[in-house]
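*Asks:* What follows is a predicted structure for the sequence shown.
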Amino acid sequence: GAIPYLIEKIGNPPVFASALTRGIILKRQKEFPNLPKLDITIIKNGDKIKLGPFNLEFFSQNHNIPGNLGIFINAPVGNILITSDFKFDQNPVNELPTDFEKLKTLGKRGILLLISDSTNAEETG
């Protein structure tokens, strides 16, 4: 929800989003008709993007919202893993389970920083 408030302040850079997230962003942008049109690139599991000195690799994870992606960033100072919000559901209804082998492979490449988000992580179950 922060894109309409930040996009002009940071120079209207390209936005990378899954197909569903793109749809949510565009719907929200209708509430801000005076903002410039967004440059949104759809990304999916397995996509790799180079942004300056950073190499980004996107990977699927479970979540209540389909199409959830984590990001592995190879940066000059080290590797960064951003999990996004996730849940480890072995029998998901709406998508494939999290690829633990992929996470292990990324971990073996060395992680300098983990940025993780899990809603209600303090609750049992």
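*Replies:* Received it, and whenever you're ready, just let me know what you need.

*Asks:* alpha carbons only for contacts and neighbour counts from here, please
*Replies:* Fine.

*Asks:* do you know how far T119 is from G70?
*Replies:* According to Cα to Cα, to the nearest Å, T119 and G70 sit 15 Å apart.

*Asks:* Just want to know which of those two has more residues nearby.
*Replies:* Remark: of T119 and G70, G70 carries more neighbours, 21 against 9, as counted by other Cα atoms under 10 Å.

*Asks:* for that one, which residues make a bridge with it?
*Replies:* Counting by DSSP bridges, G70 is bridged to F59.

*Asks:* Would you state the helices of this structure in chain order?
*Replies:* For the chain, the helices defined by DSSP state H occupy 3-6, 19-29, 100-108.

*Asks:* As TSV, the ones you listed with mean neighbour count and mean pLDDT would be great.
*Replies:* Shown next, in TSV, are the helices of the chain (neighbours: other Cα atoms under 10 Å; pLDDT from 0 to 100):
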stretch	mean neighbour count	mean pLDDT
helix 3-6	14	93
helix 19-29	15	94
helix 100-108	12	91
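
*Asks:* Point out the one among those helices that comes closest to P66.
*Replies:* helix 19-29 (7.7 Å; Cα to Cα).

*Asks:* Check which helices and strands the closest one sits against.
*Replies:* Helix 19-29 makes packing contacts with strand 40-42 when contacts are defined by 3 or more Cα pairs under 8 Å, 6 or more residues apart in numbering; DSSP states H and E.

*Asks:* Can you list the buried residues in the strand it packs on?
*Replies:* By neighbour count on 16 or more other Cα atoms under 10 Å, the buried set for strand 40-42 is I40.

*Asks:* Pull up the pairing partners for it, direction included.
*Replies:* Strand 40-42 has its sheet partners listed here by DSSP bridges as strand 15-17 (parallel).

*Asks:* The strand it pairs with: which residues count as buried?
*Replies:* Those would be A17, for strand 15-17 by 16+ other Cα under 10 Å.

*Asks:* Mind splitting the chain into its structural domains?
*Replies:* Using automatic domain parsing, the domain ranges for the chain come out as 1-42, 45-125.
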